[in-house]
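Enquirer: Here's my sequence, what's the structure:
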Amino acid sequence: MSDFSLVVVGLLTAGKNSSVPSAVMPQPSERSRSLNATEPQPILPSSVTVEVTQPEFSTSNRLTSHSRLENLTPRPVPSIGQVARSAGTGNRTPPALQERGWGKGVLAEMSSRNASEPIPAATQPNDAGLENIADGDESADPMSQLTSVDQLTDVTPADWSYQALKNLTERYGLISGYPDGSFRGNRSLSRYEFAAALNAALEKIFTQPQGIPQDDLATLQRLQQDYAAELAEVKGRVDNLESRTAQLENHQFSTNTRLFGQAIVGLQGSNQVDVDLFPRDGVPERSGKAQLTLASNVQLSLATSFTGQDLLLTGLQGGNLASSAPFVFTNMGRLSTELETNNDLVLSDLSYRFPVTDNFGVIVGPAGVNPANTFRGINPLEGSGDGSISLLGQRNPILSIGNGTGGIGFDWQINKRLSLQAVYSAELPGFTSNSSQGGLFGGRTSAGVQFTIAPTNNLDIGLHYIYSHSPDGLLGIGTGDNQLISPLAPIISPSTSFAFNTHAVGGTLAWRVNPRLTLGTWGGWTSSDPVNLSGSVETTNWMLFSAFPDLFGRGNLGGILFGQPPKITSSTLPDGFNLPNFLTNLSGTPGGRRDTALHLELFYRARLTDNIFLTPGVLVVFNPDHNAANDTLVVGTMRATFRF
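Expert: Down below sits the predicted model:
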């Protein structure tokens, strides 16, 4: 179970949570989860109101089990074959475990510490720079900087110190040195071995009921002085061993199960903005509310291994931070910690990972199986508890298309620098009441593949492809342009089904310039074709980011992101069905968004202790909802994360 312990420790980290997991209960369609839960009614231009379903108001209902439990120190992306030994949860695993099990991929961390494959680049886990506090990381051992004992001069039987200690142990009847109380005849000792025997003698001599003669006391003082460095090493190693033993005992939830948790408390607020909800004349019709809230998000993860190479993840999550979209009239200011369950715990992950061969692993389950949790993570700023403060900043948005929760996937390590992950996922795999709205092959579904390439030890590239079927014209990404069709479409053609099939392609790149700086980018393009209509809808998104691990101290992390949320660039549906021009003049004629929203985000995660992190951050959205007439939206947050 020692290997397994390393794996789950590597998994602890932040999961990405959007809202109540679909796997908990049958969920309504994305449309009914929009600002107004009712279907839009016919309206005249003069009576246009916020009740009309907008793309910005639909929210993702998936709880990503990402929690980067990322092995809290930068290391190469483990091979999938290491799945058994690895257990990476890709999006990165349950929030508590993820927040970055960082890497994810099915074959994740278990043997990453011994992995010889360079596949690094995703050398930066979600928790880039965090100190590994429980997996035996030598860098965390203050004594590891001392001279190695095999470089120290031996203590021979002819040395005065050898004879002095031997005389003391014999005089006081001490059990010191080897089990038989001797130094094994004339055998030479390393200085470390000698110091260990001296340390044991000191502890026992000073507890003797009778006094210590001055000659013996002088001898002991000289021995202490001559072997001060070695005695310090002995004490340091003993203290470190006791600390690690206590850590193991604290996590001894069961012989084959470990319990991990993460609690997030956040204070967040936004400015008051004037919103031109329907940009027909450039005059704002709505005024967004300035919100200041204090909310929490709690994640519990049970990691169970039956063979030492497999991993059963059970995740529970609860929170009380709802989406800010209804208050600011855009979903572009959403935070990564959003989760509204009325503080009730809900099932966020129930998935099983196991190896088929040394380089091929499989993941299957009714919850926690989707592209985000199956593909190897590239973005070092991913992690709801310790990474980017925004929902958009977690990963390339196309990886969230389909809002998948349950399904099956695999991770295949093709060679040392190339791997392939694939997954099939359904939004409501357990909902069988309506085959068109749920079930493993009904409702919103997605299938995707990712090639993960490490051309060099400091560069990671992920190439993504996603195919998704949506029964209602929503992508399910939860941010940016998520809705593909005008809300008036059901009124114009009430008997028509507005299902869409979407093809999405994109890529993510991360370049580790040095241990203290990682630069990266991602981009995505989608093309959605309606099943019963002519034409198509296309969207694009892009992001530039930089990560600063160990900024101003070990375990800290700075992050900067700048990019464009998903935007409809082309819509060629029949007149009356196109969303961009419906919002502009209610005509619904072909055309894309006229303006472009830009996302700027800065945050700094400070490690207060091994288990507590404080993250202030600010998010600025220029031209929210891709409308230059809207006021700039500013969202600030102070996030506190506690791991246990």
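Enquirer: Do a quick rundown of the helices in this structure.
Expert: 2-11, 83-86, 160-171, 191-205, 214-226, 228-250, 325-328, 371-374, 489-492, 579-585 (DSSP state H).
Enquirer: Of the ones you listed, which stretch is the most buried?
Expert: Burial of these is given as mean neighbour count (mean count of other Cβ atoms under 10 Å); helix 371-374 ranks first at a mean of 34. No exception for glycine: its C-beta is placed from N, CA and C like everyone else's.
Enquirer: ok, back up a step: out of the helices of the chain, nearest to Val621?
Expert: Ranking these by proximity to Val621 (Cβ to Cβ) places helix 325-328 first, at 9.1 Å.
Enquirer: So what's the gap between the closest one and the chain middle?
Expert: Taking Cα atoms, centre = their mean, to the nearest Å, one finds helix 325-328 lying 26 Å from the centre of the chain it belongs to.
Enquirer: Now do it: which elements does it pack against?
Expert: Where contact means 3 or more Cβ pairs under 8 Å, 6 or more residues apart in numbering; DSSP states H and E, helix 325-328 is not packed against any helix or strand.
Enquirer: Can you pull out the low-pLDDT segments for the stretch 351-500 of the chain?
Expert: 432-436 (pLDDT under 70).
Enquirer: Apologies, that question was intended for the chain.
Expert: Where the chain drops to pLDDT under 70, the residues are 1-153, 173-187, 208-211, 248-255, 280, 282, 432-436.
Enquirer: rerun that using 50 as the cut-off
Expert: Residues of the chain meeting the criterion pLDDT under 50: 1-103, 109-152, 176, 179-181.
Enquirer: looking at the helices of the chain, which is closest to Gly365?
Expert: helix 371-374 (9.6 Å).
Enquirer: how about CSV for the helices of the chain, with distance to Ser305 added?
Expert: Shown next, in CSV, are the helices of the chain (distance: least, Cβ to Cβ, whole Å):
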stretch, distance to Ser305
helix 2-11, 4
helix 83-86, 9
helix 160-171, 45
helix 191-205, 35
helix 214-226, 46
helix 228-250, 15
helix 325-328, 40
helix 371-374, 18
helix 489-492, 49
helix 579-585, 48
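Enquirer: mind checking which of the ones you listed is nearest Thr452?
Expert: Nearest of the helices of the chain (Cβ to Cβ): helix 371-374, 11.3 Å.
Enquirer: what about that closest one, distance to the chain center?
Expert: With Cα atoms, centre = their mean, you get 11 Å for helix 371-374.
Enquirer: Packing partners of it?
Expert: Taking 3+ Cβ pairs under 8 Å, 6+ apart as the contact cut, helix 371-374 packs with strand 406-415, strand 418-426, strand 445-456.
Enquirer: Recalculate using a threshold of 7 Å.
Expert: For helix 371-374, the packing partners by 3 or more Cβ pairs under 7 Å, 6 or more residues apart in numbering; DSSP states H and E come out as strand 418-426.
Enquirer: Partner strands of the strand it packs on and their direction?
Expert: strand 406-415 (antiparallel), strand 445-456 (antiparallel) (DSSP bridges).
Enquirer: and among those, the most buried is which?
Expert: The highest mean neighbour count among the strands paired with strand 418-426, using mean count of other Cβ under 10 Å, belongs to strand 406-415: a mean of 23.
Enquirer: which residue ranges form the strands in the stretch 501-644 of the chain?
Expert: Applying DSSP state E, counting those that start in this stretch to the stretch 501-644 of the chain gives strands spanning 517-530, 537-549, 557-571, 598-607, 612-622, 633-643.
Enquirer: got a markdown table for those, with mean neighbour count and distance to Thr405 too?
Expert: Shown next, in a markdown table, are the strands of the stretch 501-644 of the chain (neighbours: other Cβ atoms under 10 Å; distance: least, Cβ to Cβ, whole Å):
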| stretch | mean neighbour count | distance to Thr405 |
| --- | --- | --- |
| strand 517-530 | 20 | 20 |
| strand 537-549 | 22 | 23 |
| strand 557-571 | 22 | 21 |
| strand 598-607 | 20 | 26 |
| strand 612-622 | 19 | 27 |
| strand 633-643 | 21 | 24 |
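Enquirer: so which of the ones you listed comes closest to Gln421?
Expert: Once those are compared by Cβ to Cβ, strand 517-530 is nearest, at 16.2 Å.
Enquirer: Give me the contact list for the closest one.
Expert: Strand 517-530 is contacted from outside by 124, 128, 379-380, 396-398, 484, 498, 500-513, 536-548, 573, using Cβ atoms under 7 Å, 6 or more residues apart in numbering.
Enquirer: Can you check what angle separates it from strand 537-549?
Expert: Orientation of strand 517-530 against strand 537-549 (axes from the mean of the first three to the mean of the last three Cα atoms, to 10 degrees) gives an angle of 160 degrees.
Enquirer: Strand 517-530 versus strand 557-571: what angle between them?
Expert: 20 degrees.
Enquirer: partners of strand 517-530, with directions?
Expert: Strand 517-530 sits in its sheet next to strand 500-514 (antiparallel), strand 537-549 (antiparallel), going by DSSP bridges.
Enquirer: mind putting the strands of the stretch 501-644 of the chain in CSV, distance to Val238 included?
Expert: Output for the strands of the stretch 501-644 of the chain, formatted as CSV (distance: least, Cβ to Cβ, whole Å):
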stretch, distance to Val238
strand 517-530, 37
strand 537-549, 31
strand 557-571, 33
strand 598-607, 26
strand 612-622, 27
strand 633-643, 26
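Enquirer: so which of those strands gets nearest Leu223?
Expert: When the strands of the stretch 501-644 of the chain are compared (using Cβ to Cβ), the closest one is strand 598-607, at 40.1 Å.
Enquirer: Residues in contact with the closest one: which ones?
Expert: Contacts for strand 598-607 (Cβ under 7 Å, 6+ apart): 332, 386, 388-390, 392-393, 553, 555-565, 613-623.
Enquirer: now with 8 Å?
Expert: Contact with strand 598-607 is made by 130-131, 332, 386-390, 392-393, 543, 551-565, 613-623, as judged by Cβ atoms under 8 Å, 6 or more residues apart in numbering.
Enquirer: Now find how far off-centre that strand is within its chain.
Expert: Centre to centre, stretch against its chain (Cα atoms, centre = their mean), the figure for strand 598-607 is 16 Å.
Enquirer: got the angle between it and strand 537-549?
Expert: Here strand 598-607 runs at an angle of 30 degrees relative to strand 537-549 (the same axes, to 10 degrees).
Enquirer: Strand 598-607 vs strand 612-622, what angle?
Expert: Using the same axes, to 10 degrees: strand 598-607 against strand 612-622 is 170 degrees.
Enquirer: Sheet-wise, list the partners of strand 598-607 with their directions.
Expert: Partners of strand 598-607 in its sheet, by DSSP bridges: strand 557-571 (antiparallel), strand 612-622 (antiparallel).
Enquirer: among these, which is nearest Tyr352?
Expert: Among these, the nearest to Tyr352 by Cβ to Cβ is strand 612-622 (30.0 Å).
Enquirer: now the closest one, how far from the centre of its chain.
Expert: 16 Å.
Enquirer: could you check the angle strand 633-643 makes with it?
Expert: 160 degrees.
Enquirer: before we move on, the earlier item: to Thr245, which of the strands of the stretch 501-644 of the chain lies closest?
Expert: With Cβ to Cβ, the closest approach to Thr245 among these belongs to strand 633-643: 19.7 Å.
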